[in-house]
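Trainee: how would this look folded up:
(one chain, ligands or ions: 1)
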Amino acid sequence: MKIGFIGLGAMGKPMAVNLLKEGYQVSAFDVNRTSVDEIVAFGAVGCSNGGAVAASSDVIITSLPNAGIVETVMVGSEGLFSQCKEGTVIIDMSSVSPSSTLKMAGIAETMGIKYVDAPVSGGTKGADAGTLAIMVGADEAVFEKIKPVLEVIGGDIYHVGPTGTGDAIKIVNNLMLGCNMATLAEALILGVKCGLKVETMQKIISKSSGRSYAMEAKLEKFIMKDDFEGGFAMDLQYKDLGLALEAGKENNIPLPMTALATQVFESGRASGLGREDMSAIIKVWEKITNV
Ligand code: NAD
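Mentor: Numbers count the residues shown, from 1 in each chain. I've put the predicted structure just below:
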């Protein structure tokens, strides 16, 4: 099975490297030429556009910043769809809206292309280690076909349901992460103001009902070190909350907590923290409260 890879960023590059290490032949493209050169050093075939990737691949994986870019890559004037062989499977691992994926899948179907959504969780650490959680929306037969490829990239592979359901569960997950993180930041500041040590809150709340993944993953690693390099960028968390709001609008579901959390991270971005780990949101609260 020949693999194509488009989008060699923080997530895509380590995924492609793991496929190469496993012995897969990989053709790769990114608009950033340096990223292509880097993956070629690992044994990939470098391509100068998406069409060249499509022409030489049975399965094409994309890991791109947002739905607008995914749609351009798929159906733009030099889009993948027009260059794919019939029966090609495209696996989009970007975090995008279910509605965008369903739109792409509908067009793909008319061209004999199988379109799968397979967003991931686990960050760059999981991508490096090949231990990502992968949430797959696909027909059963297509899922079985691509499972061995996904098992190289991820540790927990979930077949959620038909196309679009992978994206749906990803936005539900990240909605909860965003709300939990926004809550953690304000709660910690209140605790400190009330005379508690952060270490005391960590010790007791990690065994109590207020605990969360946000606390487990972010408190010691980022907040207590006051170092927010790496991790999951606030800009990406903000984007994912936007996807949830978009899905809420489309489905007539009110999402008040999500709307509030979006504004919290908007304030972080306005403070210049968009590229830092999402937990840097605590800095906004530190500033306005002098804690
Ligand atoms: P990134 O910005 O590091 O990488 C995206 C890559 O796509 C870049 O290398 C960029 O040059 C390339 N690109 C942009 N436009 C292109 C085009 N038209 N054609 C080809 N290449 C193009 O982003 P990332 O952190 O790797 O995230 C990728 C996706 O995975 C996003 O949808 C993100 O929300 C999701 N995600 C990221 C993380 C994380 O921790 N970084 C975790 C889970 C999910």
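Trainee: Now do the phi/psi pair for the residue of the chain most remote from its centre.
Mentor: Distance from the C-alpha centroid of the chain, by Cα atoms, centre = their mean, peaks at residue 195 (37.4 Å). Main-chain dihedrals, residue 195, degrees, to the nearest 10: phi 100, psi 10.
Trainee: ditto for residue 136
Mentor: phi -100, psi 130.
Trainee: which stretches of this structure form strands?
Mentor: Remark: strands assigned in the chain by DSSP state E are 3-6, 26-29, 45-46, 59-62, 89-92, 114-117, 120-121, 132-137, 154-161.
Trainee: most tightly surrounded among those strands?
Mentor: Greatest average neighbour count among those goes to strand 3-6 (a mean of 28), per mean count of other Cβ atoms under 10 Å. The way it works is simple: take the backbone N, C-alpha and C, and place the C-beta from them, glycine included.
Trainee: List the contacts of it.
Mentor: 12, 15-16, 19, 24-30, 39, 44, 47, 50, 53-54, 56-64, 73, 80, 149 (Cβ atoms under 8 Å, 6 or more residues apart in numbering).
Trainee: May I see the strands of the chain organised as a markdown table, with distance to residue 262 and mean pLDDT added?
Mentor: Shown next, in a markdown table, are those (distance: least, Cβ to Cβ, whole Å; pLDDT from 0 to 100):
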| stretch | distance to residue 262 | mean pLDDT |
| --- | --- | --- |
| strand 3-6 | 29 | 98 |
| strand 26-29 | 33 | 98 |
| strand 45-46 | 38 | 98 |
| strand 59-62 | 26 | 98 |
| strand 89-92 | 24 | 98 |
| strand 114-117 | 23 | 98 |
| strand 120-121 | 19 | 96 |
| strand 132-137 | 22 | 98 |
| strand 154-161 | 24 | 98 |
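Trainee: For residue 228, find the nearest of those strands.
Mentor: With Cβ to Cβ as the measure, strand 120-121 is the member of those nearest residue 228 (19.6 Å).
Trainee: sorry, back to before: which members of the contacts of strand 3-6 occur in helices, if any?
Mentor: Residues of the contacts of strand 3-6 located in helices (DSSP state H): 12, 15-16, 19, 39, 50, 53-54, 73, 80, 149.
Trainee: Only whichever of these are buried, select them in PyMOL.
Mentor: To isolate the buried members of these in PyMOL, using 16 or more other Cβ atoms under 10 Å:
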select buried, resi 12+15+16+19+39+50+53+54+73+80+149
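Trainee: check the ones in helices among the contacts of strand 3-6 against the ligand, which are close?
Mentor: Applying Cβ under 6 Å from any ligand atom to the ones in helices among the contacts of strand 3-6, one finds that 12, 73 fall near the ligand.
Trainee: and which of the ones in helices among the contacts of strand 3-6 is nearest residue 290?
Mentor: The closest of the ones in helices among the contacts of strand 3-6 to residue 290 turns out to be residue 12 (Cβ to Cβ; 41.5 Å).
Trainee: gap between residue 146 and residue 136?
Mentor: Remark: distance between residue 146 and residue 136 (Cβ to Cβ, to the nearest Å) = 8 Å.
Trainee: Actually, residue 252.
Mentor: Distance, residue 252 to residue 136, using Cβ to Cβ: 27 Å.
Trainee: How many neighbouring residues does the nearest residue to residue 216 once chain neighbours are set aside have?
Mentor: With Cβ to Cβ, 6 or more residues apart in numbering as the criterion, residue 216 has its nearest non-adjacent residue at 7.1 Å, and that residue is residue 206. Neighbours of residue 206 under the rule other Cβ atoms under 10 Å: 14.
Trainee: and what of residue 196?
Mentor: 14.
Trainee: Need phi/psi at it.
Mentor: Residue 196 adopts backbone torsions of phi -90, psi 150, taken as degrees, to the nearest 10.
Trainee: Can you pull the residues of the stretch 101-250 of the chain lying near the ligand?
Mentor: Going by Cβ under 6 Å from any ligand atom, the residues of the stretch 101-250 of the chain near the ligand are 120-121, 123-124, 232, 236.
Trainee: Residue of this structure nearest the ligand, please.
Mentor: Closest to the ligand within the chain is residue 9: 1.7 Å, counting by Cβ to the nearest ligand atom.
Trainee: and that residue, backbone torsions?
Mentor: Here is the backbone geometry of residue 9 (degrees, to the nearest 10): phi -90, psi -150.
Trainee: Spatially central residue in this protein, please.
Mentor: Centre-nearest of the chain using Cα atoms, centre = their mean is residue 95, 4.6 Å out.
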